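>>> can't give you the sequence, but here's the structure:
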């Protein structure tokens, strides 16, 4: 029995390869995700291990405000310089060095543009001499206030040479300052950069002033252990001497912690990739289900014979499931291998993009292997169960006669479909209305899954009228008519094939609806509310937003025709122990005049140095009212008490909390991020814009644009997101295309005799091909149509649920939908090529004699 | 009474007042009208009749492939009527063998694998001596590693015969076994079937409409309109043909 199964499997390898391919692609996604994150994770491990290899023990202040990887970078408060001497005196410490090391040292390249980073920090540091790790390649160490050295990779990227004047923006000075490049250094092992990190070294006082904002402070203190003293013992001794206010760690610990926080971000990335793998596998499931159903139908006689000569129903199920296991197993192996390749490729690209991350060897974590085989096998077997069950119900008598399998009524499947769709709708409603009790995301995902399966079950019923309507377009020619009739011939098969395409198209459409609506709503709101004709802002590349020189604000204010100028600052702060986003406006009048804020209590037109404003939502949820006092801890400096002097009505454009601009110097980024300029009535924008542009000559990270261009720029990140999601979902659509090819190929095989007959009575080759193509186009357009409708429904439901979050306008991407339908027609034509050629090549005589 | 018991022990398959009705109302077709018949052990019985006479239906009912509307069917000591799927599967494994008009070999398996398929499905080992005998009798010794596509029709049907014989079933049902063969290959297969009855005591029930084929049997049962109308012992092609002609005339007269 086992042998018979395997032999019959081998005889139908081509058929199974296509369905196996669907599993291969899904599994590839799974294993690729694991391999990518594992490889990157280990690469970061080695980067950090290297970066901290020179440090025995590291002393830093405890962060005042904890931020996670999603909220931004952790900025550490500075340490007093006097602490270095205290550390030096700890027994066992050979030496202690005060180190300035902070993100935000941006070098301006020879083209006048800032050298950007897509993730790794741009560190500004104080020069403390060469080490095992770091060696000067050219020039000398910085000695004067206006001298710097930079790493080789940065020098190459900026196209600057030793001896040249180089402009640098720093954490506390977003106005370009010129330095002389006196040296270029590299790292051990002939590396130009470690993990894409760029470094600028100043003399210690300059580094302190420009990177930390005050003299005589350091970011951290690195301690070298005396001979014979272990790192751990030294750490414990230093910690005891300094007390509980400091974080004292060994170099290894620092490296591990830094790596761990990055990996947190990676694991999020991993989950997203696995989500797309799930979509691909869902589509793959449809495909496998269909292939096995068709194979079982074609093998009716063979299976009946098995039954007649004594095979039990269970053995038949076993033989089909065994086939599924074999297919799943092979597909898993191939998928795993392909995933390792894809993961390695992505890791390589990521390394390049991140500016030369040296990759650790490609690793295949156990999770990749277990995930691949688990997913590949389970999906295939589950998908094959239904066909297996059907196979076991074939009566043995079918071996002797052509048992006409009457088209089973669609009642049962329709009832089931309605039920499942209903469950999906209820889950979606619960999830979207926020009544799922903490399980919102999983409830919504479950709802989407049920909705897809439910609609797939309903598809056979819908397919009859819709397919005949679609096919009517082609009915003017005989092959077109035949193709149309063929596609309506087996509604279940047509339906499943179309449903596979539906899933991908529906998700793309849904996401497009949501993002377009979000974009439209935000733009509309901004256009209605922001009363500033000009906006200063930059495009954010890495974790740090672009900033500009606050001096520009005052200069812009004095330009003729300018009525109001506002610079916006922002940071995560801890207010009464709770993480809260705080903002500061350089001119508090902007709140009302530019952002249209309306007071609900107190006074929002002025703000004293110890006063703060809150939005009505924040005030309500935190129980604040005018006169309440709160404790605010910013990234730097000591905690301070503020009194709430006013509350403004919450809108999409208001910040939860507004602090006086004097507090901004203690923000992680103490420079303005955006500037808003309101002009006097009657002043022409084009008159003022060039003047502001000139003011920004020394702040090359930002530019000034009119309001519409600014809004476009702000919402353009959504476009990038949409493109990324579309690319990832394209895989699901590719799998669906495989499904169409497979279904057609099997149908052609099934109808060999019929095709031969048609050819015998005079159907030309080209007409045969036309007939098959029409069938494919009808199926794929039907699938796309379903997808567009379902996707629009899902998207509209989400938009409706997000009404309170400010997505007020439902925007339907008609153009995109048209593109999807057109694309589906092309997909149909492409999918039909191979089966059509095959059908056209059928030997007429052989086909009629075919049994 | 004793005679009946003796008879029961003799019968490899029995039909007792078997009715088979397809459809209902206007579309009702009565395929069998109270057929009672016994098929003795160790004999080669042919069932004949014009098309639509119910001969195939009778065989399907006897073999447990189709359910009966009324009456009972038994094979050996097993009452087939009323058996569930598991019981029927066991019956097909242990007591029944089939030979089909279309040969129905698995194209992916070699001749040998096809022959051994029923045993491997049941998870049993062949009896080597009996296997050798079967192979010897069908004369396929040098063709065992060939696929069905590499064999002639007659050879394929002999493989199918060997497949039915190898598990030594209580009874083999053959459905028009020579219907797809030329006369020479057909004669070979029929000779082989007769020999397996004579030499090895196998019981065979064959449905056919070919008088020449029926003449190889020990006994011929004639069906018309779902009823047994006649019977011949030790038939020849001529006697069979005569009987068929009479039946046809009777049918015409009846109409």
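Yep, that arrived. This is a predicted model, so every value here is computed, not measured. Numbers count the residues shown, from 1 in each chain, chains lettered A, B, ... in the order given.
>>> any low-confidence regions in the stretch 251-400 of chain A?
A:354-358 (pLDDT under 70).
>>> And the residue of it that's closest to chain B?
Going by CB to the nearest CB, chain B is nearest to residue A:310 of the stretch 251-400 of chain A, at 3.4 Å. C-beta coordinates here come from the backbone N, C-alpha and C atoms, glycine included.
>>> thought that residue was touching residue B:93?
Yes - between residue A:310 and residue B:93 a contact is recorded at 3.4 Å, counting by CB atoms under 8 Å.
>>> which of those two has more neighbours?
Taking other CB atoms under 10 Å in any protein chain shown, residue A:310 and residue B:93 do not tie; residue A:310 has more neighbours (27 against 20).
>>> Helix or strand: which one has the residue positioned nearest the centre of chain B?
For chain B, the residue nearest the mean C-alpha position is residue B:173 (2.0 Å; CA atoms, centre = their mean). If you go by DSSP states H and E, residue B:173 is part of strand B:171-175.
>>> Which other helices and strands does that strand contact?
In terms of contacts (3 or more CB pairs under 8 Å, 6 or more residues apart in numbering or on different chains; DSSP states H and E), strand B:171-175 is packed against helix B:55-62, strand B:96-99, helix B:153-166, strand B:204-207.
>>> tell me which residues of the host helix or strand of residue A:455 are tucked away?
Assigned by DSSP H and E, residue A:455 belongs to helix A:440-472. Buried residues in helix A:440-472, counted by 16 or more other CB atoms under 10 Å in any protein chain shown: A:443-463, A:466-467, A:470-471.
>>> Repeat that for stretch A:582-596.
In stretch A:582-596, counting by 16+ other CB under 10 Å, buried: A:582-588, A:590-591, A:593-596.
>>> residues in contact with residue 231?
With no chain named, the answer covers chain A. A:56-57, A:225, A:250-252 (CB atoms under 8 Å, 6 or more residues apart in numbering or on different chains).
>>> was after chain B, sorry
By CB under 8 Å, 6+ apart, the neighbours of residue B:231 are B:219-222.
>>> So which of the residues you listed are in helices?
Among these, no member is found in helices (DSSP state H).
>>> Tell me the one of the residues you listed nearest chain A?
Using CB to the nearest CB, the contacts of residue B:231 come closest to chain A at residue B:221, 19.3 Å.
>>> is the closest one in a bridge, and if so with what?
On the basis of DSSP bridges, residue B:221 is bridged to residue B:47, residue B:231.
>>> count of neighbours near it?
By other CB under 10 Å, the burial measure for residue B:221, its neighbour count, is 23.
>>> same thing with residue A:530?
With other CB under 10 Å as criterion, residue A:530 counts 18.
>>> Then the one 3 residues further on?
The burial metric for residue A:533, expressed as a neighbour count using other CB under 10 Å, is 20.
>>> Leaving out chain neighbours, which residue sits closest to residue 146?
The chain I'm using is chain A. residue A:179 (5.2 Å; CB to CB, 6 or more residues apart in numbering or on different chains).
>>> let's do chain B instead
Residue B:146 sits nearest to residue B:111 (CB to CB, 6+ apart), 5.5 Å away.
>>> Go ahead and confirm the one you found touches residue B:149.
No - under the criterion of CB under 8 Å, residue B:111 makes no contact with residue B:149, lying 11.0 Å away.
>>> Quick check on the two: which one has the bigger neighbour count.
A side-by-side neighbour count of residue B:111 and residue B:149, using other CB under 10 Å, places residue B:111 first with 26 against 8.
>>> And the pLDDT at the more buried one?
Listed pLDDT for residue B:111 reads 90.
>>> Check the gap between it and residue B:126 for me.
14 Å (CB to CB, to the nearest Å).
>>> what do you get for residue A:825?
58 Å.
>>> got the end-to-end distance for stretch B:145-163?
15 Å (CA to CA, to the nearest Å).
>>> following the helix holding residue A:455, which helix or strand comes up?
Heading C-terminal from helix A:440-472 (DSSP H and E), you reach helix A:478-487.
>>> what's the overlap in contacts for residue A:310 and residue B:93?
Joint contacts of residue A:310 and residue B:93 (CB under 8 Å, 6+ apart) are B:118, B:121-122, B:167.
>>> mind listing which of these are in helices?
B:118, B:121-122.
>>> Tell me the most packed of these, by neighbour count.
residue B:118 (26 neighbours).
>>> wait, residue A:134 sits on residue A:187?
Yes - using CB under 8 Å, residue A:134 is in contact with residue A:187, at 6.0 Å.
>>> circling back to that earlier point, ok, and which of the buried residues of helix A:440-472 reach chain B?
When contact is defined as CB under 8 Å from any CB of the partner chain, the buried residues of helix A:440-472 do not meet chain B at all.
>>> got a list of what the residue of chain A positioned farthest from its centre touches?
Distance to the chain centre peaks in chain A at residue A:400, reaching 57.7 Å (criterion: CA atoms, centre = their mean). Counting by CB under 8 Å, 6+ apart, residue A:400 makes contact with A:308, B:56, B:60, B:65, B:100-102, B:175.
>>> go on, residue A:478?
Here residue A:478 is in contact with A:763, A:767 (CB under 8 Å, 6+ apart).
>>> Just give the nearest non-adjacent residue to residue A:298, would you?
That would be residue A:750: by CB to CB, 6+ apart, it lies 6.1 Å from residue A:298.
>>> Tell me the one among the ones in helices among the shared contacts of residue A:310 and residue B:93 nearest to residue A:169.
Nearest to residue A:169 out of these is residue B:121 (CB to CB; 79.6 Å).
>>> Give me the distance between the residue of chain B found nearest chain A and residue B:129.
Nearest residue of chain B to chain A, counting by CB to the nearest CB: residue B:93, 3.4 Å away. Distance of residue B:93 to residue B:129, given as CB to CB: 21 Å.
>>> Turn the shared contacts of residue A:310 and residue B:93 into a markdown table, including pLDDT and distance to residue A:600.
Listed next are the shared contacts of residue A:310 and residue B:93 as a markdown table, based on pLDDT from 0 to 100; distance: CB to CB, whole Å:
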| residue | pLDDT | distance to residue A:600 |
| --- | --- | --- |
| B:118 | 85 | 87 |
| B:121 | 80 | 82 |
| B:122 | 81 | 85 |
| B:167 | 85 | 91 |
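>>> For chain A, which residues are neighbours of chain B?
So far as CB under 8 Å from any CB goes, chain A lies against chain B at A:1, A:3-4, A:7-8, A:10-11, A:301-302, A:305-313, A:315, A:395-397, A:399-400, A:851.
>>> which of these are buried?
The buried subset of those (16+ other CB under 10 Å) comprises A:1, A:4, A:8, A:301-302, A:305-313, A:315, A:396-397, A:399-400.
>>> List the buried residues in the helix or strand residue A:26 falls within.
Assigned by DSSP H and E, residue A:26 belongs to helix A:13-51. Of the residues in helix A:13-51, those with enough neighbours to count as buried (16+ other CB under 10 Å) are A:15-51.
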